[in-house]
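# whatever this is, show me its structure:
(2 chains)
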Amino acid sequence: MNNNNNVKSSDPNATSNNTASNNPTSLSRRQFLNKAGITTVGIGLASSGLFSANTWAAKAVGKKASATLHRMARDIYPHDELDDKYYSQVMLPLADKADNDPQLKEKLLEGVNTLDQLSQKYFGKDFVDIKSEADRVKVLRAIENSGFFQTIKGNLMMGIYNNPELWQHFGYGGSAWEQGGYIRRGYNDIDWL
Amino acid sequence: MTTKFDLNDDSLVVIIGSGAGGGTLANELAQKGIRSVVLEAGKRFTLADIENDEWRMFDKISWLDKRIVDGPSRLASDFPNLPAWIVKGVGGATMHWAGVAMRFQEHEFKMKSTLGTVSGANVLDWPISLKEMAPYYEKAEKKMGVCGTEATGMPFHGESNHYKVVAAGAKKIGAHCEQATLAINTEARDGRPSCQVNGFCMQGCKIGAKWSTMYTEIPRAEATGNMELRPNSMVLKIEHDKNGKITGVLYADEKGAQHFQKARLVAVAGNSIESPRMLLNSASNLFPDGLANSSGQVGQNYMTHVTGGVYAEFEKPVHMYKSTVVPGIVKEWQDHDASRGHLAGYELEILHLGLPFMSAFLNPGKSGWGREVSSSLANYDNMAGFWICGEDMAVESNNITLHPTEKDQYGLPVPVVYKTDHINDTRMRNHAYARSKELFESIGALKVNNLPPYPASHNMGTNRMSEKARDGVVNRWGQSHDIKNLFVSDGSQFTSAGTENPTLTIVALAIRQAEYIAKQMAQKEL
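Next comes the predicted model:
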């Protein structure tokens, strides 16, 4: 129902400020997410710019695993009209972190490995090679309770829906007080009732 | 203000908590010349700290100390450590509320008389009536500036898009819907501006149009010179002498240093999890089950309202966020009518969430992902919806207890919050889901999503009021049945939950309690 299809950043150097890693409150946000059963790892976006599935995570987990994680990200919160970069910029900090965090690196690699094993078992091919979304979802449902899956999901939820760059696309206004609120800005302009 | 009281001054009232109950009590006492120290566990915020950002404000003001949710409920699996969504900071939950200010209905003070014995529940009448509360409700409405009431004469906000959508559906199915009476200025009043509809009432009102003790009661009490606020002060124990009379409060400051503040009387107002927790943590040789607990009811009968969400998706935009958070209420099912298949009533409160929170609460928990969820979120701008708020039954086994081994950062046992539906709660919620669907489909909803309950902002009942000492914790004034100079001043004194949001009733009770305390002091009874 949104009009802005295929949202692309007009400024490739724009910094997304939704969850800057230097945000002193990010610890308590993680606290909530943990309390809420949502696992995240260092939700933070360094700087955005344009990323592709091939460039972001290869360093830490390898090209194959990064492609798998990317496909998985797009299946968790699928928005076909969104450019890859909105998913990649969520995964990038994870991969960055994995570079210096052997435990996380193992978690990601093991998770990808399990995903491929299950994909082979169910469909005779690796996860990225499964063509049907419904089939990929079947594999993902089988691992949704894992820490690996919930880590990716938690980061994506914040990275997609708490990303001010995407609020206009989703039809959400964000901060309003600086603009005098809505009392004179679409408060009661509905015309289809 | 710079008023400083001495730790050894035993003529002071010590109030624990600075929200709707504690903040109001402090100011009411201060205006009468009664001196108090307010111990607040959280820090002091200013309007500059308030942002129109859901997660940032969640991070900033929420009470995130460890708690454990127990019980066979989806809440326990979705939010295992976050039973309640309340505030740690000066102003308490009056920061995080939508401003909905409604009086209880007459029968809601008399649930036992109205319903009789309810199997599996611990229902009781309040020892007070609506008639007795009416003048205090009026004072509370004036104090808080509740629009749409005779007490203030302030008009309603006017119908927002979100309101209009729901009102159209309500009209189609013959359900009564009206604008909400909110403690939000619709005219400049009492030194605070008129609402400009930022749409972030729950995150703290950036311009102070919504009533919060943070910038009304607290500074006014301080201005009298009769109140000293001590933020970052976590109460560890309430102490007493050999006769069982309260002598003061042991608390830890920001740096962890412990202080003992002497007191003439203590009023507990830390919300319905912390208040009973303090009383339980204060167990002694004389009171081995905790203070004020001869009935065994401290911590019991924990109520949160029957809640849930319903969000409908339409073909065209609603922009529900361009509204006060709660612009109106469907009141059709607010009364008690057993022919509906459940006891007591509920309200459908029109309420918006921002996109960030919608993504967290539309289908919370581990399975909330995939195309169905993302398709609904892609439809965010076409959504309209409710938060269900119904009376939940007092059930003794819904309670706050202390974890036997696990401690928090203050060295206090972590609270365990057990809450599950009474069968009546489940029936009521299902009724509300069904009526909501009918309402939204009558005006062309394409899809109607039912959201499970999320962490509770309405927490009530764990130190309840009762006529007889054996049935509850406090008397009709919020005064402990067991200990004369110990009071409860928050929502934990509620005997039943009502369907209405609790804040107005908490404030009315605090105004009334202040009068009682002042009289008792004057008569040397306290």
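
# what's the nearest residue to residue 71 if we skip its chain neighbours?
Chain wasn't specified; assuming chain A. The shortest distance from A:Arg71 to any non-neighbouring residue, by C-beta to C-beta, 6 or more residues apart in numbering or on different chains, is to A:Val128 (5.1 Å). Glycine gets a C-beta too; all of them are placed from N, C-alpha and C.

# other chain: chain B
B:Thr420 (4.1 Å).

# show me what contacts the one you found?
B:71-73, B:395, B:398 (C-beta atoms under 8 Å, 6 or more residues apart in numbering or on different chains).

# wait, does the longest helix seen in chain A make contact with chain B?
The residue-count maximum for a helix in chain A (DSSP state H) belongs to helix A:102-123. No. Residues of helix A:102-123 contacting chain B under C-beta under 8 Å from any C-beta of the partner chain: none, with a closest distance of 14.7 Å.

# so which elements touch that helix?
helix A:58-61, helix A:63-76, helix A:84-100, helix A:133-143, helix A:147-156 (3 or more C-beta pairs under 8 Å, 6 or more residues apart in numbering or on different chains; DSSP states H and E).

# who in the stretch 401-526 of chain B is up against chain A?
Residues of the stretch 401-526 of chain B lying near chain A (C-beta under 8 Å from any C-beta): B:Ile443.

# which residue does chain B have closest to chain A?
B:Asp381 (2.5 Å; C-beta to the nearest C-beta).

# wouldn't that residue be in contact with A:Phe170 here?
Yes. Applying C-beta atoms under 8 Å, one finds B:Asp381 in contact with A:Phe170, separated by 6.9 Å.

# just give me how far the one helix or strand B:Ala312 maps to sits from the chain centre.
Applying DSSP states H and E as the criterion places B:Ala312 in strand B:306-313. Chain-centre distance of strand B:306-313: 20 Å, with C-alpha atoms, centre = their mean, to the nearest Å.

# and the next element down the chain from that strand?
Assigned by DSSP H and E, the successor of strand B:306-313 is strand B:328-330.

# report whether that following strand contacts chain A.
No. Strand B:328-330 lies out of reach of chain A by C-beta under 8 Å from any C-beta, never closer than 12.5 Å.

# what is that strand packed up against?
Using 3+ C-beta pairs under 8 Å, 6+ apart, strand B:328-330 is in contact with helix B:161-172, strand B:177-179, strand B:346-350.

# stretch B:345-357: end-to-end distance?
End-to-end distance for stretch B:345-357: 27 Å, by C-alpha to C-alpha, to the nearest Å.

# so does it get close to chain A?
Yes. Residues of stretch B:345-357 are located near chain A by C-beta under 8 Å from any C-beta, namely B:354-356.

# pipe those residues into a markdown table and attach secondary structure and pLDDT per row.
As requested, the residues of stretch B:345-357 next to chain A are arranged in a markdown table below (DSSP: H, G, I helix; E, B strand; the rest coil; pLDDT from 0 to 100):
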| residue | secondary structure | pLDDT |
| --- | --- | --- |
| B:Gly354 | coil | 98 |
| B:Leu355 | helix | 98 |
| B:Pro356 | helix | 97 |
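
# for chain A, which spans come out with low pLDDT?
A:1-60 (pLDDT under 70).

# what residue in it comes nearest to chain B?
A:Gly171 (2.5 Å).

# any idea how many residues pack against the residue nearest to that residue when sequence neighbours are not counted?
Leaving aside its sequence neighbours, A:Gly171 sits nearest to B:Asp381 (C-beta to C-beta, 6+ apart; 2.5 Å). When counting by other C-beta atoms under 10 Å in any protein chain shown, one arrives at 23 neighbours for B:Asp381.

# give me phi/psi at B:Asp381?
As for B:Asp381, its main-chain torsions (degrees, to the nearest 10) stand at phi -70, psi -10.

# where does it land on pLDDT?
Confidence at B:Asp381, expressed as pLDDT, is 97.

# the stretch 1-150 of chain B: helices as residue ranges?
B:20-31, B:54-61, B:74-78, B:111-115, B:130-144 (DSSP state H, counting those that start in this stretch).

# most tightly surrounded among these?
Most buried of those by mean neighbour count (mean count of other C-beta atoms under 10 Å in any protein chain shown) is helix B:20-31; its value is a mean of 29.

# using PDB, list the CA coordinates for that helix.
This file holds the C-alpha atoms of helix B:20-31, laid out as PDB (Å, rounded to 0.1, in the frame of the first residue of the first chain):
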ATOM      1  CA  ALA B  20       0.900   9.400  40.700                       C
ATOM      2  CA  GLY B  21       0.500   8.200  44.300                       C
ATOM      3  CA  GLY B  22       3.700   9.300  45.900                       C
ATOM      4  CA  GLY B  23       4.200  12.600  44.000                       C
ATOM      5  CA  THR B  24       0.600  13.600  44.700                       C
ATOM      6  CA  LEU B  25       0.700  12.700  48.300                       C
ATOM      7  CA  ALA B  26       3.900  14.700  48.800                       C
ATOM      8  CA  ASN B  27       2.500  17.800  47.300                       C
ATOM      9  CA  GLU B  28      -0.800  17.600  49.100                       C
ATOM     10  CA  LEU B  29       1.000  17.200  52.400                       C
ATOM     11  CA  ALA B  30       3.500  20.000  51.500                       C
ATOM     12  CA  GLN B  31       0.600  22.400  50.800                       C
END
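
# next, the angle helix B:130-144 makes with it.
On the basis of axes from the mean of the first three to the mean of the last three C-alpha atoms, to 10 degrees, helix B:20-31 is oriented at 80 degrees to helix B:130-144.

# for B:Tyr410, give me its contacts.
Contacts here follow C-beta under 8 Å, 6+ apart; on that basis B:Tyr410 touches B:234, B:236, B:252.
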